[in-house]
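Peer 1: Next comes the sequence, and after it the predicted model I'd like to discuss.
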Amino acid sequence: MAALIKVRLSLMMFLEFFVWGSWYVTMGTFLGANLGARDQEISLAFSTQSFGAIIAPFVVGLIADRYFHAQRILGVIHLIGAVLMYFLYQSQDFSEFFPILLAYMILFMPTLALVNSISFNQMLNPAKEFSVIRVWGTIGWIAAGILISAFAWDSQAGLVDGLLKNTWLMAAIVSLILGIFSFTLPHTPPKAKTEGDFKLSEVLGLDALSLLKDRNFAIFFLSSILICIPLAFYYQNASPFLTEIGVENSTGKMTIGQISEVLFMLALPIFFSRFGIKKTLIVAMLAWALRYVFFAFGNADEGVWMLLVGIALHGVCYDFFFVSGQIYTDAHAGEKFKSSAQGLITLATYGVGMLIGFWAAGIISDFYLLSEGNHDWKSIWLIPSGISVLVLLFFMFLFKDEKIKPQNNL
């Protein structure tokens, strides 16, 4: 790729994940502190991500693969998203907040597949080039978290004063910037045929489901669903957990996970080429199980190091599973349905898997709610750790290692 294209794609990734990181990490804390939401209401709010992800492959398959340029769709979505974020900033109670968030996430989740599709469209060797571009998304997420703690919006005083609502305003402003910038991105025209007989499966992008005929990809797809059940516990509970047990500047500390994500993102091509897809995914799932053990036995005092190690493992968890999984999916998809294939894996991970996970996390968190208003966090965290181990064993025994083609010349 030309240097200027790399810069534009990197900025796209930075802004995309800055918008998401601006509010997503602290939403559970915000809902509890600002809107008085209960555990199951918080679970419902996080589930909007999954509803959006389930719809994503149909939206992307219908629009990006067949009729319109992906970068234009990306721009329109983020402009609308800026307006919805501002409405969320003004929300006064959960009943007003939830439908706006649901509408936003139905629009936002397809953009995760769109930014990947725009990037892959410019690459000759995604296995080598993608991580260098994608790492800027992680840097954007880090920047959002650092700003939140720097402004003390997530501090005890900030929570009392209701300052955490400013995260939504920050997201609205950056979403507006990204919406405008998207129209300057490299052209990503539709690749699927628009001529010939009308087929509903093609229009909706369901032809990407043909990938599941490959046994290995089907096992990977199912493992992606299952491993996202424990992942949902982290996204939903980590910020409220750290805040409840008294960890200061918790949002800033949680960016340690994204900092490690940057390091492991850069190491991924080397690890990927040396050990292959299977071992890369195994390491990711093992890190998931260990992370929750550290959370279960850590505390805000002498055991804070365990919490920090658990947060730092996020880099291994995310990069070695999600980014390598995106590369693996792209290699199997071929040219015709790159966008819908990315939408399909988004459905598996952020959609079905996390929908189950958020639902389970809400029930389990409510079950372990103590009479004084705190939670039995040790019991809560050991459950997703156990689930991670079971998924790891399933994957290890059934998935056969393979070379990534045609991008196997790292």
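Peer 2: Okay, I see it. Treat the numbers as computed from the prediction; the structure is a model and nothing was measured.
Peer 1: which regions of the stretch 201-350 of the chain lie under the pLDDT threshold?
Peer 2: 201-207, 334-340, 342-343 (pLDDT under 70).
Peer 1: all helices of it, in order?
Peer 2: For the stretch 201-350 of the chain, helices defined by DSSP state H, counting those that start in this stretch occupy the ranges 215-244, 250-297, 304-312, 314-318, 324-333, 338-346.
Peer 1: Now render the ones you listed as a markdown table, adding mean neighbour count and distance to Leu392.
Peer 2: For every residue, glycine as well, the C-beta is placed using N, CA and C. A markdown table is the format used below for the helices of the stretch 201-350 of the chain (neighbours: other C-beta atoms under 10 Å; distance: least, C-beta to C-beta, whole Å):
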| stretch | mean neighbour count | distance to Leu392 |
| --- | --- | --- |
| helix 215-244 | 22 | 8 |
| helix 250-297 | 20 | 4 |
| helix 304-312 | 19 | 17 |
| helix 314-318 | 25 | 12 |
| helix 324-333 | 22 | 15 |
| helix 338-346 | 30 | 19 |
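Peer 1: would JSON lines of these with distance to Tyr67 be doable?
Peer 2: Shown next, in JSON lines, are the helices of the stretch 201-350 of the chain (distance: least, C-beta to C-beta, whole Å):
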{"stretch": "helix 215-244", "distance to Tyr67": "26"}
{"stretch": "helix 250-297", "distance to Tyr67": "33"}
{"stretch": "helix 304-312", "distance to Tyr67": "42"}
{"stretch": "helix 314-318", "distance to Tyr67": "32"}
{"stretch": "helix 324-333", "distance to Tyr67": "19"}
{"stretch": "helix 338-346", "distance to Tyr67": "11"}
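Peer 1: which one of the ones you listed lies closest to Ile77?
Peer 2: Set against Ile77 and scored by C-beta to C-beta, the helices of the stretch 201-350 of the chain come closest in helix 338-346, at 13.7 Å.
Peer 1: what residue lies at the spatial centre of the chain?
Peer 2: The centre of the chain sits closest to Tyr350, judged by C-alpha atoms, centre = their mean, with a distance of 6.6 Å.
Peer 1: right, and the secondary structure at the residue lying closest to it once chain neighbours are set aside would be what?
Peer 2: Closest residue in space to Tyr350, ignoring its immediate chain neighbours: Ala53 at 3.6 Å, by C-beta to C-beta, 6 or more residues apart in numbering. Three-state call for Ala53 (DSSP: H, G, I helix; E, B strand; the rest coil): helix.
Peer 1: For Trp288, see how far away Gln258 is.
Peer 2: Per C-beta to C-beta, to the nearest Å, Gln258 is found 16 Å from Trp288.
Peer 1: Kindly apply the preceding question to Leu101 instead.
Peer 2: For Leu101, the distance to Trp288 (C-beta to C-beta) stands at 26 Å.
Peer 1: burial count for the closest residue to Ile245 other than its chain neighbours?
Peer 2: Closest residue to Ile245 apart from its sequence neighbours, by C-beta to C-beta, 6+ apart: Ala300 at 4.8 Å. When neighbours are defined as other C-beta atoms under 10 Å, Ala300 has 14 of them.
Peer 1: measure Ala300 to Asp154 for me?
Peer 2: From Ala300 to Asp154 the distance is 15 Å (C-beta to C-beta).
Peer 1: Kindly report the same for Ala37.
Peer 2: Between Ala37 and Asp154 the computed distance is 16 Å (C-beta to C-beta).
Peer 1: Strands of the chain, residue ranges please.
Peer 2: For the chain, applying DSSP state E gives no strands.
Peer 1: still on that earlier bit, what distance do you get for the residue nearest to Tyr350 to Gly353?
Peer 2: 9 Å.
Peer 1: More neighbours: which of the two?
Peer 2: Ala53 (29 against 25).
Peer 1: quick one: contacts for the residue nearest to the centre of the chain?
Peer 2: 49-50, 52-53, 56, 109, 112, 228 (C-beta atoms under 8 Å, 6 or more residues apart in numbering).
Peer 1: same thing but at 7 Å, please
Peer 2: 49-50, 53, 109 (C-beta atoms under 7 Å, 6 or more residues apart in numbering).
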